[in-house]
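Asker: I'd like to go over a predicted model; first the sequence, then the structure.
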Amino acid sequence: MLNLAYGHSQRFRARHNDINILGSCSAESPAIRSIYRLNGGPERTFYIEPPSGSTSGTYPYGATTAGVNRLRGRPGHFNIEIPTGARELKVGCNHVVVAVTVLNGREELTLDFEWQPDPVLLPLDLTDLSQVSSIQEIGQVVDGTFALDPSSGVICSVAPVAADSLLLLGSAYGSQEASYDVTFSNCGSSFCFMGLSDFFSGHEAQSPELGIKPGYSTGGLATLDNKGRARIWLAWGDCLMEINETWVVKTEKLARFVIQPDVPYRVRHQMILQGGVNCSRFRIWRKGDEEPSKWLCEENTLHLDPEHQPIQKASFGLFQCWGSPTSWSNIAVRHLDVDSEPICLTPRRHELLTRGWSKFADLAWKAKNRLTKAVCLESVRSLSMPSVESGPAL
């Protein structure tokens, strides 16, 4: 039986390069053929996560299927990605036919969705959700499952929490800042990222095409695992295999922040895209306490080989990978103004993965970045955050 995660009538706005239609197939055997047709156009294949044990591949992060983290551990689930530039896509109402063939037969369903190509404008204020009736009114679920409680103004991930669960709230822009409240329900003992949020740039396709794009691109993914270890990720095509353009920068020396279940925290998360350099940072503190002056975690691509393309734009969203459900509220996103003062970025040793996981590159750290002083980058404008007292309130 075919099921759609968000029903047969959906709605989308321009949040990233794909419209995501999530669902599942209850067949126990692998799908022989899975296709969709948009507005009577040509058939296009989509990927269904195979049953456990039916494949034996080796992929990044210990995954055993070609979708890597997109549908990991969710056999029978699918994520139809309709490009926002598809020729058949129309402003307003669109019609999709989905068909799956398995050993014991073929099943088909249809759905309609409303498409509005206008981006979500900034500043974005989601502090009051009392008039919102569905999650698709305020966001686009890219992966995983999210729910909304209008009465409390809370958005939460839904158990079982999927790998790389992502809900996009904003549209693609340059430098931005987001602030929000977050509450963790249970830290648990098994590894997971309890959150936090991402400035998502898009998914990248593997070659040959798989019917799903496993590559993850981000202008600044802020994660906090169940042990309180904080990290910033900057990437283009993370999880792709043997792609020369792939790069991943992530924090090597993990910062730590002690988290407790059912305690509300406040987060400020920034992404700066300027002068060909990507920078992201965040801080988290117990709600009601004074905001700390220092960033808990901060990374940049100052040391990245200039041949690797930088992230140009990204969309703000909520992120989690496994674990118990997390709740977010009082969300606000704004453009981050970058003034004319130069800034000194300090090159620190990062963990850098390149060339589609075929090798680990240190980018000549010992020869090039053994520095004791900051490197001034004239083309990068000021990344300094206004003081808590004088800065604009979110």
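Answerer: Received the coordinates, thanks. Residues are numbered from 1 along each chain as shown.
Asker: got a list of what Gly144 touches?
Answerer: Under the criterion of Cβ atoms under 8 Å, 6 or more residues apart in numbering, the contact partners of Gly144 comprise Ser157, Val158, Val161, Ala162, Ala163, Asp164, Ser165, Leu166, Leu167, Gln320. Yep, even glycine has a C-beta here, placed from its N, CA and C like the rest.
Asker: just curious, which of those residues is nearest to Leu121?
Answerer: The closest of the contacts of Gly144 to Leu121 turns out to be Leu167 (Cβ to Cβ; 18.3 Å).
Asker: ok, then the element right after whichever helix or strand the closest one is part of?
Answerer: Counting by DSSP states H and E, the element that carries Leu167 is strand 165-168. Later in the chain than strand 165-168, the nearest helix or strand by DSSP H and E is strand 176-184.
Asker: list the helices and strands the next helix or strand after that next one packs on?
Answerer: Tracing the chain past strand 176-184, the next element assigned as helix or strand by DSSP H and E is strand 193-204. Strand 193-204 sits against strand 165-168, strand 176-184, strand 215-225, strand 229-238, strand 265-274, strand 277-286, strand 315-320, strand 326-335, with contacts defined as 3 or more Cβ pairs under 8 Å, 6 or more residues apart in numbering; DSSP states H and E.
Asker: is it possible to export those strands to JSON lines including mean neighbour count and mean pLDDT?
Answerer: Converted to JSON lines, the helices and strands packed on strand 193-204 look like this (neighbours: other Cβ atoms under 10 Å; pLDDT from 0 to 100):
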{"stretch": "strand 165-168", "mean neighbour count": "27", "mean pLDDT": "98"}
{"stretch": "strand 176-184", "mean neighbour count": "23", "mean pLDDT": "97"}
{"stretch": "strand 215-225", "mean neighbour count": "27", "mean pLDDT": "97"}
{"stretch": "strand 229-238", "mean neighbour count": "24", "mean pLDDT": "96"}
{"stretch": "strand 265-274", "mean neighbour count": "23", "mean pLDDT": "95"}
{"stretch": "strand 277-286", "mean neighbour count": "22", "mean pLDDT": "95"}
{"stretch": "strand 315-320", "mean neighbour count": "28", "mean pLDDT": "98"}
{"stretch": "strand 326-335", "mean neighbour count": "21", "mean pLDDT": "97"}
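Asker: and the ones you listed: which comes nearest Leu124?
Answerer: With Cβ to Cβ, the closest approach to Leu124 among the helices and strands packed on strand 193-204 belongs to strand 326-335: 4.3 Å.
Asker: Ser185 against Pro261, yeah?
Answerer: Yes - in terms of Cβ atoms under 8 Å, Ser185 counts as a neighbour of Pro261; the distance is 5.9 Å.
Asker: more crowded one of these two?
Answerer: Using other Cβ atoms under 10 Å as the criterion, Ser185 and Pro261 rank with Ser185 on top: 16 against 12.
Asker: low-scoring stretches of this structure, by residue?
Answerer: Across the chain, the ranges flagged by pLDDT under 70 are 27, 53-56, 339-394.
Asker: okay, the helix or strand where Arg13 lies in PDB with CA atoms only?
Answerer: Counting by DSSP H and E, the element that carries Arg13 is strand 9-14. In PDB, the C-alpha atoms belonging to strand 9-14 read as follows (Å, rounded to 0.1, in the frame of the first residue of the first chain):
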ATOM      1  CA  SER A   9      -3.300  17.800  -1.100                       C
ATOM      2  CA  GLN A  10      -0.100  19.700  -0.400                       C
ATOM      3  CA  ARG A  11       1.400  23.100  -0.800                       C
ATOM      4  CA  PHE A  12       4.900  24.400  -1.500                       C
ATOM      5  CA  ARG A  13       6.900  27.600  -1.900                       C
ATOM      6  CA  ALA A  14      10.400  28.300  -3.200                       C
END
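Asker: mind listing what's buried in that strand?
Answerer: In terms of neighbour count (16 or more other Cβ atoms under 10 Å), strand 9-14 has its buried residues at Gln10, Phe12, Arg13, Ala14.
Asker: picking up where we left off before, would you turn the contacts of Gly144 into a markdown table with distance to Ala222?
Answerer: As requested, the contacts of Gly144 are exported to a markdown table (distance: Cβ to Cβ, whole Å):
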| residue | distance to Ala222 |
| --- | --- |
| Ser157 | 15 |
| Val158 | 21 |
| Val161 | 17 |
| Ala162 | 18 |
| Ala163 | 17 |
| Asp164 | 14 |
| Ser165 | 14 |
| Leu166 | 13 |
| Leu167 | 15 |
| Gln320 | 11 |
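Asker: rewinding a little: quick one: strands adjacent to the strand holding Arg13?
Answerer: Here strand 9-14 has these sheet partners by DSSP bridges: strand 105-119 (parallel).
Asker: after the strand it pairs with, next one along is what?
Answerer: Following strand 105-119 in sequence order, the next helix or strand is strand 124-126 (DSSP H and E).
Asker: packing partners of the helix or strand just after that following strand?
Answerer: Sequence-wise, the next helix or strand beyond strand 124-126 is strand 140-143, with elements assigned using DSSP H and E. Contacting strand 140-143 under the criterion 3+ Cβ pairs under 8 Å, 6+ apart are the following elements: strand 18-25, strand 165-168.
Asker: output strand 140-143 as PDB - backbone C-alpha positions only.
Answerer: Coordinates of the C-alpha atoms in strand 140-143 are reproduced here as PDB (Å, rounded to 0.1, in the frame of the first residue of the first chain):
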ATOM      1  CA  GLN A 140       8.800  22.400   3.700                       C
ATOM      2  CA  VAL A 141       9.800  19.000   5.100                       C
ATOM      3  CA  VAL A 142      12.800  17.900   3.200                       C
ATOM      4  CA  ASP A 143      13.500  14.700   5.200                       C
END
